[in-house]
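Visitor: Here is a sequence together with a model predicted from it:
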Amino acid sequence: MSKRVGIWIRVSTEDQAQGDSPKHHEHRANSYAEVKGWNVVEVYHLEAVSGKSVINHPEAQRMIQDIRRGHITGLIFSKLARLARNTRELLEFADIFKQANADLTSLDESIDTSSPAGRFFYTLIAGMAEWERAEIGSRVKASVGTRAKLGKSLGGEAPYGYKWEHKELVLDPQEAPIRKLIHELFVEQKRKRTVAEILNKKGYRTRRGENFSDTSIDRMLRDPIAKGMRRVNYTESLGDGKHWKTKPKEEWVFVEVPRIISDELWESCNRILDDMNKNKDKVRRKGVHLFSGILQCECGAKMYMRSTSPKYVCPNCKNKVGPNDLEEIFHGQLESFLFSDTEIQGHLDKEKLILKDKEELLEIRKKEYQKLKHKVDNIFELYHEGQISKEAFKEQHSPIYNAQTQVEESMMELQGQIDALRMQSLDNVQVLSDAQNLHKQWYTFTKEEKKAIIEAITSSIVAGREDIAINLSYIPTLTNESANSINFSFQNTSASENDTTMQRTLRVALHSCQIQLKGKKPSNPAYPTELNTLGDHLRKARLDRGLSQPQVAEVLKVTTDTVSYWETNRCEPTAKFAKRIIEFLSYIPFQNPESLAKRLYLARLVSGKTQEEISKEIGVDESNLRRIELGVRNPFQRTRDKIEEFVGKVLAERWVPL
């Protein structure tokens, strides 16, 4: 009988690209067997398989079984590197063939393992093959950093939210909105597992169709690629195919890619993650003071009121701030923000962007729903025509139908959020009215009501040596449960009016999406020696006339605290109140400015008119007027004449500059 042999074909992807095809190796081995008079009974295909480790490959296991049962008594391959590049596996193959009294035949090296000389040479060549693989790996490893710095692709799967197009990372329109939603949910929930549960409940899945986990959420939150910075060359394999280690940071390379979220949102998420790691396993009793649990020192430590001190104290650097002073700063800065029609309009515009994002996400979910519905319809049709059994129908229909139900529920939830956002859109007049309501009623609230408001709209307050930074947080909607926990007592309103006003007022505050307000820490200034601000002039005039702050507050129609904030320069009065202050002073507390932009701003303060009102009065486009006042646009002579006429009339009508 002729010798029964098999042919082993393993050609890497790179070799195939260079024209070294599997058919070439098979033809060569067949020709060799024909010359030897051997009978080829099996061909083992391992195209595009790495030679680093092949012994556990299904084709390799099939070959070993054929050798052991005597189905083949020899194996032909083009060269040792094609069999395997791992010395240990090459020797293991040789032992298996020796135990089965079978032969290994390498055509390039002319090796026959049936002889001692052949086995010795086989061992030497195997060592050279592994050395060659190590050399190639070393060269590839050395080139990774250079390729990364040059911005060239290093391969690998695109991160969630992105896809490869023409060797460049671009946003995936299906996944990018979901990745953005993950960051937004985490800022709101501050729990990785909660975010994963919300996503899974809504029917969102990973790229492989699996549920999100807290580990996958953590990995995506930490990855800076979401903010447009792809991190490459920062890990390397340990060689076991499973474990990786992080390289030193100086070897990392960052490549700019399209961003999904803003830097502020990414930093907010990672700040929360860092705080979670610092405070892991620490459970604290809920504070009874207004700012307990929210106030922290600029050094990073939490500040609390101790029984031995009437102030909030930092345990590390002993930084202190009084509770009453802190409440005044919080109230004053919140008032300053809420009374700014420009800022409120800007954040109403941000709400429109949030609405747009949700509408885009809804469209994606609708497309997913249609795809799932089409699959369900196809399965029904196959079952109706008798092409699949009842068991097969149940097995295929259930998971798709469940996914369709989850997507449908998510669509309804998104639609509800969109409807709510549309209905709660308010115009500037209503916003200002509601903001004033919150400001006027602040000191009528109980301590519990104030604390509920602070916790609802504030993510943190950072006390520095001179400034207090108030970080407002965005809450998309006010639920009935949270609304009921804040029992406002607005005067002269019915119960239904009270609820409506409360909802509107809090919505105004909640438009403050990731806003930071800053105020000066309190001091006790005496008679002002330098008059740099409107507040300095106000304090000088009050002291000169022997008036108290409550008396001035009554004249200006504001609260006593507001007068205190202006005098201590913790906040600046808006145009509306600047006019009242100038009327109280009976002079313009500014030098006559040389530039048109500054004169226009001064005239607006004196007149108390908005830019919109001035633009209508003098017949100039409001956007152009705003740019002129900011000094970023030079008007044409005709427009300049109109503005100069208005400015001259206002400043010369009643006031004489210093």
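Guide: Great, that's in hand. Numbers count the residues shown, from 1 in each chain.
Visitor: Okay, strands next: where are they in the stretch 151-300 of the chain?
Guide: If DSSP state E, counting those that start in this stretch is used as the criterion, the strands of the stretch 151-300 of the chain fall at 162-165, 168-171, 229-232, 235-237, 244-246, 253-256, 295-297.
Visitor: Of all the helix elements in the chain, which one is longest?
Guide: Secondary structure assigned by DSSP state H gives helix 341-384 as the longest helix of the chain.
Visitor: List the buried residues for the following helix or strand past it?
Guide: Once the chain leaves helix 341-384, the next helix or strand it forms, by DSSP states H and E, is helix 390-423. By neighbour count, with 16 or more other C-beta atoms under 10 Å as the criterion, the buried positions of helix 390-423 are 393, 396-397, 400, 403-404, 406-408, 410-411, 414, 417-418, 421. (Glycine included, C-beta is placed from N, CA and C.)
Visitor: distance between helix 390-423 and the chain's centre?
Guide: Mean C-alpha position of helix 390-423 versus that of the full chain (C-alpha atoms, centre = their mean, to the nearest Å) differs by 26 Å.
Visitor: sorry, back to before: lowest average confidence across the strands of the stretch 151-300 of the chain, which one?
Guide: Comparing those by mean pLDDT, the weakest confidence falls on strand 235-237, with a mean of 65.
Visitor: Lys163 touches Gln174, doesn't it?
Guide: No. Contact criterion C-beta atoms under 8 Å: Lys163 and Gln174 do not qualify, at 9.0 Å.
Visitor: Between these two, point out the one with more neighbours.
Guide: Regarding Lys163 and Gln174, a neighbour count based on other C-beta atoms under 10 Å identifies Lys163 as having more, with 18 against 13.
Visitor: how close does the residue nearest to the more buried one when sequence neighbours are not counted sit to Lys649?
Guide: In space, and not counting its chain neighbours, Lys163 is closest to Asp172: 4.5 Å by C-beta to C-beta, 6 or more residues apart in numbering. Here the criterion is C-beta to C-beta, to the nearest Å. By it, Asp172 lies 59 Å from Lys649.
Visitor: okay, the two: which has more neighbours?
Guide: Neighbour tally, Asp172 and Lys649, criterion other C-beta under 10 Å: the higher count belongs to Asp172, 20 against 12.
Visitor: Surely the more buried one touches Gly161?
Guide: Yes. Taking C-beta under 8 Å as the contact criterion, Asp172 and Gly161 are neighbours in contact, 5.9 Å apart.
Visitor: what bits of the stretch 501-650 of the chain have low per-residue confidence?
Guide: Along the stretch 501-650 of the chain, segments meeting pLDDT under 70 span 501-526, 590-593.
Visitor: quick one, helices of it?
Guide: Secondary structure of the stretch 501-650 of the chain by DSSP state H, counting those that start in this stretch: the helices cover 534-544, 549-556, 560-567, 575-585, 596-607, 611-618, 622-630, 637-653.
Visitor: List the buried residues for the second one?
Guide: Neighbour counts over helix 549-556 (16+ other C-beta under 10 Å) mark Gln549, Val552, Ala553, Leu556 as buried.
Visitor: Repeat that for the first one.
Guide: The neighbour-count check on helix 534-544 (16+ other C-beta under 10 Å) flags Leu534, Gly535, Asp536, His537, Leu538, Arg539, Lys540, Ala541, Arg542 as buried.
Visitor: For the last one, give me its contacts.
Guide: With contacts defined as C-beta atoms under 8 Å, 6 or more residues apart in numbering, the neighbours of Arg542 are Ser548, Gln549, Val552, Glu567.
Visitor: Just to check, the second one is in contact with Thr560?
Guide: By that I understand Gln549. Yes. If you go by C-beta under 8 Å, Gln549 and Thr560 touch, sitting 5.0 Å apart.
Visitor: Can you get me the start-to-end distance on stretch 381-400?
Guide: 15 Å (C-alpha to C-alpha, to the nearest Å).
Visitor: how near is the nearest residue to Gly228 once chain neighbours are set aside to Leu531?
Guide: With sequence-adjacent residues excluded and distances taken as C-beta to C-beta, 6+ apart, Gly228 is closest to Arg259, at 3.2 Å. Taking C-beta to C-beta as the criterion, Arg259 is separated from Leu531 by 46 Å.
Visitor: Between these two, which has more neighbouring residues?
Guide: The residue with more neighbours, out of Arg259 and Leu531, is Arg259; 17 against 14, by other C-beta under 10 Å.
Visitor: phi, psi of that one?
Guide: When read as degrees, to the nearest 10, the backbone of Arg259 gives phi -90, psi 150.
Visitor: and it, what is it in contact with?
Guide: Residues in contact with Arg259 (C-beta under 8 Å, 6+ apart) are Ala226, Lys227, Gly228.
Visitor: Tabulate those residues (JSON lines), appending neighbour count and pLDDT.
Guide: Converted to JSON lines, the contacts of Arg259 look like this (neighbours: other C-beta atoms under 10 Å; pLDDT from 0 to 100):
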{"residue": "Ala226", "neighbour count": "27", "pLDDT": "89"}
{"residue": "Lys227", "neighbour count": "19", "pLDDT": "90"}
{"residue": "Gly228", "neighbour count": "17", "pLDDT": "87"}
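Visitor: CSV for those residues, including distance to Arg627?
Guide: CSV is the format used below for these (distance: C-beta to C-beta, whole Å):
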residue, distance to Arg627
Ala226, 34
Lys227, 31
Gly228, 29
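Visitor: host element of Gly325?
Guide: Not quite, residue 325 is Asp, not Gly. Secondary structure assigned from DSSP H and E places Asp325 in helix 323-338.
Visitor: Also Met63?
Guide: With secondary structure defined by DSSP H and E, Met63 is part of helix 58-68.
Visitor: In terms of secondary structure, what does that helix contact?
Guide: For helix 58-68, the elements it packs on are strand 4-9, strand 39-45, helix 87-99, judged by 3 or more C-beta pairs under 8 Å, 6 or more residues apart in numbering; DSSP states H and E.
Visitor: For the next helix or strand after that helix, name the packing helices and strands.
Guide: As assigned by DSSP H and E, the chain's next helix or strand after helix 58-68 is strand 74-77. Using 3+ C-beta pairs under 8 Å, 6+ apart as the contact definition, the elements that strand 74-77 packs against are strand 4-9, helix 22-36, strand 103-106.
Visitor: tell me which residues of the longest one are tucked away?
Guide: Of all the residues in helix 22-36, those buried under the rule 16+ other C-beta under 10 Å are Pro22, His25, Glu26, Arg28, Ala29, Tyr32, Ala33.
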